[in-house]
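1. only the shape, not the letters, is given here:
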């Protein structure tokens, strides 16, 4: 029996272990110096003036929207094909998540559909660089009035670039995730990146119960803090960001070489750099292929969700692009440590259904 192939494997080792041991020995497990050090490294990597680390990518989305004063009566445009956290964060602010269809080949928001969805209540658009592929930012900017805020769900796009600009530095705020399937991981964690000092201050206040100073709490907040233990893992990970991305680019190239004539393979637009959070192909016999891969000991998964198929968002109509993506997308095992032999084994199973 062949060894199982996991869907994702975090690339962590001795440096991360030593960093955690250092924090444990210090006795400062949370709200200590590693948080600030991690935040400085995030801001450098993204190229923004500020980065506030939080407990998850979902927390980052929630706090970014709250800090932008999104609330009841507001509408926020989100793609109909994305992980539910994108829309859930809007709902948790008391606003309405307005679904907009995606290009089924790229998984990304259709600028024309975004323009058609804008109403006087539209406060923001949350644009998702899904699986690490940068959104066409200039087209998105021209699709909405200037007073509509553009927020990036860059959960899977750390290291990705749109025309040379890092994802996370394109909108008024960028929201990152450090889940184990992401290129840089802390186990769980996230961050809000921005050039706006007031926005950064609001996120920091909201993540820490609403405290502004030790003697003043202007409004209630949350415990969305991230501990030093997790930031200690993230610091050496960020130092290796380029190395990790190049390793994923190598694995993606192995897949593409073997699959581009059989299935629809992922890629970035010319002039952009893909972040390679996942390697997601599309094929008509997706469900059969998924079952066969799992039977062969190969972990695979659907791409993500068509939100209008989920109870909170069902009333919004039909979205054929999202439906097509949902039915065809297949996430293959993908990590910096994926070997060429593993790719060969995966492709040998997948090819029967392509």
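-> Right, received. Where do you want to start? If you're wondering where the values come from, they're calculated on a predicted model, not measured in any experiment. Residues are numbered from 1 along each chain as shown.

2. what about the residue nearest to residue 278 when sequence neighbours are not counted, distance to residue 179?
-> For residue 278, the nearest residue in space outside its immediate sequence neighbours is residue 131; the separation is 4.6 Å by Cβ to Cβ, 6 or more residues apart in numbering. Bear in mind the C-beta positions are built from the backbone N, C-alpha and C, glycine included. Separation of residue 131 from residue 179 (Cβ to Cβ, to the nearest Å): 13 Å.

3. who has more neighbours out of the two?
-> residue 131 (25 against 20; other Cβ atoms under 10 Å).

4. how about the more buried one, what does it touch?
-> 107, 156, 266, 275, 276, 277, 278, 279, 280, 303, 331 (Cβ atoms under 8 Å, 6 or more residues apart in numbering).

5. how does it look with 6 Å?
-> With contact taken as Cβ atoms under 6 Å, 6 or more residues apart in numbering, residue 131 is in contact with 156, 277, 278, 280.

6. my read is it is in a helix, agree?
-> Yes: looking at residue 131 with DSSP: H, G, I helix; E, B strand; the rest coil, it is inside a helix.

7. contacts for the helix or strand harbouring residue 141, please.
-> Taking DSSP states H and E as the definition, residue 141 sits inside helix 137-143. Helix 137-143 has contacts (Cβ under 6 Å, 6+ apart) with 111, 114, 115, 127, 162, 170.

8. in it, what's buried?
-> Neighbour-count burial for helix 137-143, counted by 16 or more other Cβ atoms under 10 Å, picks out 137, 140, 141, 143.

9. quick one: name whatever helix or strand follows it.
-> Immediately after helix 137-143, counting by DSSP H and E, sits strand 149-153.

10. can you tell me what sits against the helix or strand following that next one?
-> Helices and strands here follow DSSP H and E; after strand 149-153, the next one along the chain is strand 161-162. For strand 161-162, the surrounding residues in contact (Cβ under 6 Å, 6+ apart) are 134, 137, 272, 273.

11. can we see that at 10 Å?
-> 47, 129, 133-138, 152, 167-170, 268-269, 271-275 (Cβ atoms under 10 Å, 6 or more residues apart in numbering).

12. format the buried residues of helix 137-143 as CSV; extra columns: pLDDT.
-> Shown next, in CSV, are these (pLDDT from 0 to 100):
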residue, pLDDT
137, 98
140, 98
141, 98
143, 98
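
13. which residues are common contacts for residue 131 and residue 179?
-> 155, 156, 277.

14. strands of the stretch 101-250 of the chain, start to end?
-> 122-128, 149-153, 161-162, 165-166, 173-177, 190-194 (DSSP state E, counting those that start in this stretch).

15. closest one to residue 204 among the ones you listed?
-> strand 190-194 (9.1 Å; Cβ to Cβ).

16. residue 28: what's it in contact with?
-> Residue 28 touches 34, 35, 227, 228, 229, counting by Cβ under 10 Å, 6+ apart.

17. next, the second one: secondary structure please.
-> Think residue 35. Assignment for residue 35 (three-state DSSP): helix.

18. check the protein for its longest helix and report it.
-> helix 241-259 (DSSP state H).

19. helix or strand next in line after it, which one?
-> That would be, after helix 241-259 and using DSSP H and E, strand 279-282.

20. so which elements touch that next one?
-> Packing partners of strand 279-282 (3 or more Cβ pairs under 10 Å, 6 or more residues apart in numbering; DSSP states H and E): helix 241-259, helix 320-328, strand 329-332, helix 340-350.

21. between the ones you listed, which one is nearest to residue 78?
-> Of the helices and strands packed on strand 279-282, nearest to residue 78 by Cβ to Cβ is helix 320-328, at 11.1 Å.

22. now that closest one: buried residues?
-> Neighbour count says helix 320-328 has 321, 322, 323, 324, 325, 326, 328 buried, by 16+ other Cβ under 10 Å.

23. out of the residues you listed, which one sits closest to residue 4?
-> residue 328 (25.0 Å).

24. is it true that the closest one touches residue 306?
-> No: counting by Cβ atoms under 10 Å, residue 328 stays clear of residue 306, with 11.1 Å between them.
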